[in-house]
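Asker: got a predicted structure here, sequence first:
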Amino acid sequence: MKPWSELFDLKGRAAIVTGSSMGIGEGIVRRLAAQGASVVVADIEEAKGKALAAELSKSGARSLFVKTDVRQVAQIRKLVEAAVKEFGQVDILVNNAGIFPFAPALDVSEELWDRVMGVNLRGSFFLAQAVAQQMKKQGKGGAIVNMASIDALHPTGQLSPYDASKGGLRMVTRSLALEWAPFGVRVNAIAPGSIATPGASAATAAPPGTDLSKLMEHFLSRIPLRRMGEPDDIARAALFLVSPAASYVTGVTMVVDGGYLLT
Ligand SMILES: NC(=O)c1ccc[n+]([C@@H]2O[C@H](COP(=O)([O-])OP(=O)(O)OC[C@H]3O[C@@H](n4cnc5c(N)ncnc54)[C@H](O)[C@@H]3O)[C@@H](O)[C@H]2O)c1
């Protein structure tokens, strides 16, 4: 039986995490680096991403920032090439980059629909494809995690393109898990509930004059565990899914929502 410490050991593995300059992605990068993985911080946000990679390198982890817009397949290919050039391989991908602009369905423009799909679904698919091609070449398998949402399972409201993208991502996860299992690539998804991140704060900013404490109280009363999630709540789930501890887990969507979907 493998000792507990080996089950979560990522030494010698190289990981790409998209949308990791801040928020959930940053939490995941920190977790994976703490378990010994070499990490690529891939994001459109350059200053924060560079600072994070530099901080991790200083603390002894191997880390690299690659400016990447996941909507651009040419940039996706360059990202994988940069990871292979720096670390010699790619063993882990976390497709975390995502946007969640609120808009009533009656007002959704083609531009908004395409932007949300481009980042959340198309970008995740083509990066998974590029990474899986590399993993197949390496011949040692690998692990991919797609960041879905509880909205893949239950609509919040005013997020129809987002809900479509995350529902699609959940099903793409299952398709890829089935197709790539023969060469040892596991593909899973996480469905976070409400996680306190810069993106979530901006999306749910209260209008001036709102009684924030009342609003918060109402909101938290809908979460059985009575707190918002933190990026590390999701990062620990991601660590499990990419680690040897999850070697027989593929095609699942792990809900991490403080019990929100139970209500
Ligand atoms: N925060 C939540 O409550 C919550 C809930 C469910 C699911 N999620 C999902 O988790 C993921 C991360 O969310 P978050 O709350 O940390 O968001 P965030 O906005 O705080 O951070 C997202 C990061 O993605 C980057 N990004 C945006 N567009 C990009 C692009 N085209 N290419 C590369 N990077 C890009 C941003 O620069 C940012 O660094 C998203 O996929 C989101 O849908 C979040």
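Answerer: Yep, it's here. Residues are numbered from 1 along each chain as shown.

Asker: which residues does whichever residue of the stretch 151-263 of the chain sits closest to the ligand contact?
Answerer: Residue nearest to the ligand within the stretch 151-263 of the chain (C-beta to the nearest ligand atom): Gly199, separated by 2.0 Å. C-beta: built from backbone N, CA, C; applies to glycine. Gly199 makes contacts with Met22, Gly23, Ile99, Phe100, as judged by C-beta atoms under 8 Å, 6 or more residues apart in numbering.

Asker: could you redo the last one with a cut-off of 6 Å?
Answerer: Gly23 (C-beta atoms under 6 Å, 6 or more residues apart in numbering).

Asker: assign it to helix, strand or coil.
Answerer: At Gly199 the chain is in helix, as set by DSSP: H, G, I helix; E, B strand; the rest coil.

Asker: which one is Phe126 nearest to, not counting chain neighbours?
Answerer: Val73 (5.0 Å; C-beta to C-beta, 6 or more residues apart in numbering).

Asker: same question, Val80
Answerer: Ala130 (4.7 Å).

Asker: got the residues of the stretch 1-150 of the chain near the ligand?
Answerer: 18-19, 21-25, 43-45, 68-71, 96-100, 119, 147, 149 (C-beta under 6 Å from any ligand atom).

Asker: rerun at 5 Å
Answerer: 19, 21-24, 43-45, 69-70, 96-98, 119, 147, 149 (C-beta under 5 Å from any ligand atom).

Asker: the residues you listed in strands, which ones?
Answerer: Asp43, Met147 (DSSP state E).

Asker: among the residues of the stretch 1-150 of the chain next to the ligand, name the buried ones.
Answerer: 19, 21-24, 43-45, 69-70, 96-98, 119, 147, 149 (16 or more other C-beta atoms under 10 Å).

Asker: so the residue nearest to Val80 versus Leu112, what's the distance?
Answerer: Here Ala130 is placed at a distance of 26 Å from Leu112 (C-beta to C-beta, to the nearest Å).

Asker: just Arg122 next, same as before
Answerer: Taken as C-beta to C-beta, the span from Arg122 to Leu112 is 14 Å.

Asker: please, where are all the strands along the stretch 151-263 of the chain?
Answerer: Assigned by DSSP state E, counting those that start in this stretch, the stretch 151-263 of the chain shows strands spanning 185-192, 253-256.

Asker: mind listing what the most centrally placed residue in the chain touches?
Answerer: Among the residues of the chain, the one closest to the centroid is Asn96, at 2.3 Å (C-alpha atoms, centre = their mean). The contact partners of Asn96, taken as C-beta under 6 Å, 6+ apart, are Val17, Thr18, Gly19, Ile24, Gly25, Met147.
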